[in-house]
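# quick one: sequence plus predicted model below, questions after.
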Amino acid sequence: MTPTPPSDPATPEPLARQLTGLGVWLLVINGIIGAGIFGMPSEAARLAGGFSPWVFVICAALMLPVMLCFAELASRFDGTGGPVRYVGSVFGQFAGFQAGWAFYVARLTAFSANAALLVGAVGYFWPAADDPRMRLVLLLFVCGGLTALTVTGTRRAMGSLGVVTVLKFLPLVALVTYGLIRLPAEMIDGLKIAAPADADLGAVVLLVFYAFVGFESGLVPAGEARNPRRDMPRALLWAIGVAALLYFGLQTASLATLPGLAETSRPLVEVGGALFGPPGAMVMMAGMLASVGGNLAGALFSTPRITYALALEGQLPAWFARVPARFGTPAVSIMVFGAVAFLLAAAGSFVWLAGLSVLTRVLIYVGCIAALPALRRYPAQQTPVLRLPGGLVIPAIAVLVCLALLTQVRPMGYVATGAMLAVGTVLYALARRR
């Protein structure tokens, strides 16, 4: 297949370029660090023991080639869409639509699950939140409030995301700093790079690797970034560096603080309690709420830009791309996402869709990485800020990492993903008819 050169959206974008480099980084880091890290240390300790901190370093190294490929891809595009634009520019509109559709559904179900998790966690502080009617009220408050905040302006949404990110990082950084200060000498000796004989390295690497995914959502709103070709590659590299250091520190401090780390179900909350007493446990629980909130806010900002981008290309009804002059945001796309997310979270019947998340994400990664060699044939039309050295070496390593992950996907993941892509095919055919 002869690829077409990467192009701007078919319709000029009415969105103002207000996203700074810091704003892009906030979207990327909140896509990576969600609620998972608050429960992962105990499972990592169970599978790899004292070697588990180094597993986070290994997984960061495995993810790095994938993120480097996305960094070069991001440096070649100015328009909104992320994977939609990367895949569609090489493999055609249908492939681009399917990439966008798959991304949208996976992020929608993840958002709904996290919204339900956030409301459930509120019960730790307020038992009345466990009442079914109050749960619906809180879900409406979370989904409706974030939707209204995101609709009313980019700067307001990003300012709120910045505040939530600070609230998320403060307790985590405090735990790492104080935990490492109290690190016993024997624990330092135990951090030698040698896995125990009974470690299940395959299982723990697969588990920890997914602590680094989600970065791709921060690349979608390129059409609103002031300098997307420069800022998005930088945001990716800074994000994986910060995440790797934070994860390594959290796992090390947790092992040093809790001898029975592998048996606990709320590791970071219990570590906070062990280091700072009951107030520490409360602060860590609040940090988890802030972490989930940041992940939700970032997803609600980025994901509706997918339906907006597809509407610009004429692949969805035009009203998805409407941008009210008063707000300067794709308000219809945001409100549709928020409403559907609330219905899914309230119904709780989307659990069977969880199987498509892993497979969908990896397939999108493969599609985007496969587009990179073809895009390199057009340097005169889209001069990238970043061009990876070594020719196809880094993309080949990235594809091998993704293929290794595909071997771990359960059969239900393939069934759910196939059904979702079939629905996407029908939607695309209807759009082409119009």
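Done, it's in.
# look up phi and psi at residue 225.
Taking degrees, to the nearest 10, you get phi -80, psi 140 for the backbone angles of residue 225.
# ok, it touching residue 232?
Yes: between residue 225 and residue 232 there is a contact under Cβ atoms under 8 Å: 6.6 Å. C-beta coordinates here come from the backbone N, C-alpha and C atoms, glycine included.
# find the centremost residue of this protein, please.
The chain has residue 214 as the residue nearest its centroid, 2.0 Å off, counting by Cα atoms, centre = their mean.
# against residue 116, how distant is the nearest residue to that residue once chain neighbours are set aside?
Computed as Cβ to Cβ, 6 or more residues apart in numbering, the closest residue to residue 214 that is not its neighbour in sequence is residue 31, at 3.8 Å. Residue 31 sits 19 Å away from residue 116, going by Cβ to Cβ, to the nearest Å.
# which secondary structure element of this protein has the lowest mean pLDDT?
Sorting the helices and strands of the chain by mean pLDDT, DSSP states H and E puts helix 185-189 at the bottom, at a mean of 54.
# so residue 222 sits in a helix?
Yes: counting by DSSP: H, G, I helix; E, B strand; the rest coil, residue 222 is part of a helix.
# burial of it, as a residue count?
If you count neighbours by other Cβ atoms under 10 Å, residue 222 ends up with 25.
# for residue 127, same thing?
Per other Cβ under 10 Å, the neighbour tally for residue 127 reads 10.
# tell me the mean pLDDT for the helix or strand containing residue 155?
According to DSSP states H and E, residue 155 maps onto helix 154-181. Here helix 154-181 scores 88 as its mean pLDDT.
# stretch 269-282 now?
On average, stretch 269-282 scores 87.
# could I get the CA-only coordinates of it as CSV?
The C-alpha coordinates for stretch 269-282 follow below in CSV (Å, rounded to 0.1, in the frame of the first residue of the first chain):
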residue,chain,number,x,y,z
VAL,A,269,-3.2,3.2,52.7
GLU,A,270,-1.6,0.7,55.2
VAL,A,271,1.9,2.0,54.5
GLY,A,272,0.6,5.6,55.2
GLY,A,273,-0.9,4.4,58.4
ALA,A,274,2.3,2.6,59.5
LEU,A,275,4.4,5.7,58.8
PHE,A,276,2.1,8.5,60.0
GLY,A,277,-0.5,6.8,62.1
PRO,A,278,-4.3,6.9,61.3
PRO,A,279,-4.0,10.4,59.8
GLY,A,280,-1.5,9.0,57.3
ALA,A,281,-4.0,6.3,56.2
MET,A,282,-6.7,9.0,55.7
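# who touches it?
Contacts to stretch 269-282, defined as Cβ atoms under 8 Å, 6 or more residues apart in numbering, come from residues 38, 41, 125, 171, 175, 178-179, 182, 253-254, 257-258, 261, 264, 283-285, 288.
# now do 7 Å
Residues from elsewhere that reach stretch 269-282 (Cβ atoms under 7 Å, 6 or more residues apart in numbering): 171, 175, 178, 179, 253, 254, 257, 258, 264, 283, 284, 285.
# and these, which two are the farthest apart?
Within those, 178 and 264 form the most distant pair, 18.6 Å apart (Cβ to Cβ).
# residue ranges in the chain under the pLDDT threshold?
By pLDDT under 70, the low-scoring segments of the chain are 1-12, 183-200, 348-357, 378-384, 434.
# picking up where we left off before, identify the contacts common to residue 225 and residue 232.
Common neighbours of residue 225 and residue 232, counting by Cβ under 7 Å, 6+ apart, are residue 24.
# okay, those two: which has more neighbours?
The neighbour count for residue 225 versus residue 232, taken as other Cβ under 10 Å, is higher for residue 232 (30 against 25).
# residues contacting that one?
Counting by Cβ under 7 Å, 6+ apart, residue 232 has contacts 24, 74, 219, 222, 225.
# which among those gets closest to residue 49?
Proximity of these to residue 49 (Cβ to Cβ) peaks at residue 219, which lies at 36.1 Å.
# distance of the closest residue to the closest one other than its chain neighbours from residue 246?
Distance criterion Cβ to Cβ, 6+ apart; nearest residue to residue 219, sequence neighbours excluded, is residue 82 at 4.1 Å. According to Cβ to Cβ, residue 82 and residue 246 sit 24 Å apart.
# between those two, who's got more neighbours?
Taking neighbours as other Cβ under 10 Å, residue 82 and residue 246 compare with residue 82 leading, 29 against 20.
# give me phi/psi at that one?
Main-chain torsions, residue 82, degrees, to the nearest 10: phi 60, psi -120.
# can you pull out the helices in the stretch 51-200 of the chain?
Taking DSSP state H, counting those that start in this stretch as the test, the helices found in the stretch 51-200 of the chain are 52-74, 83-91, 93-122, 132-151, 154-181, 185-189.
# make a markdown table from those and add mean neighbour count and distance to residue 201 to it.
Converted to a markdown table, the helices of the stretch 51-200 of the chain look like this (neighbours: other Cβ atoms under 10 Å; distance: least, Cβ to Cβ, whole Å):
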| stretch | mean neighbour count | distance to residue 201 |
| --- | --- | --- |
| helix 52-74 | 23 | 8 |
| helix 83-91 | 27 | 30 |
| helix 93-122 | 22 | 27 |
| helix 132-151 | 17 | 38 |
| helix 154-181 | 18 | 24 |
| helix 185-189 | 10 | 21 |
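# nearest to residue 389, of those?
With Cβ to Cβ as the criterion, residue 389 lies closest to helix 52-74 of the helices of the stretch 51-200 of the chain, at 9.9 Å.
# which helices and strands sit right next to that closest one?
Contact partners of helix 52-74 among helices and strands, from 3 or more Cβ pairs under 7 Å, 6 or more residues apart in numbering; DSSP states H and E: helix 40-48, helix 201-209, helix 228-257, helix 355-375, helix 393-406.
# how far out from the middle of the chain is the second one?
Going back to what we said before, that points to helix 201-209. Computed by Cα atoms, centre = their mean, to the nearest Å, the chain-centroid distance of helix 201-209 equals 18 Å.
# and if you look at the last one?
Here the centre of helix 393-406 is set off from its chain's centre by 19 Å, with Cα atoms, centre = their mean.
# what about residue 408, how many residues close to it?
15.
# repeat for the one 3 residues further on
Residues within reach of residue 411, counting by other Cβ under 10 Å, total 8.
# same deal with residue 202?
Applying other Cβ under 10 Å, we find 12 residues neighbouring residue 202.
# kindly report the same for the one 10 residues further on.
Burial measure for residue 212: 22 neighbouring residues, criterion other Cβ under 10 Å.
# what's the answer for the one 3 residues further on, then?
Burial measure for residue 215: 23 neighbouring residues, criterion other Cβ under 10 Å.
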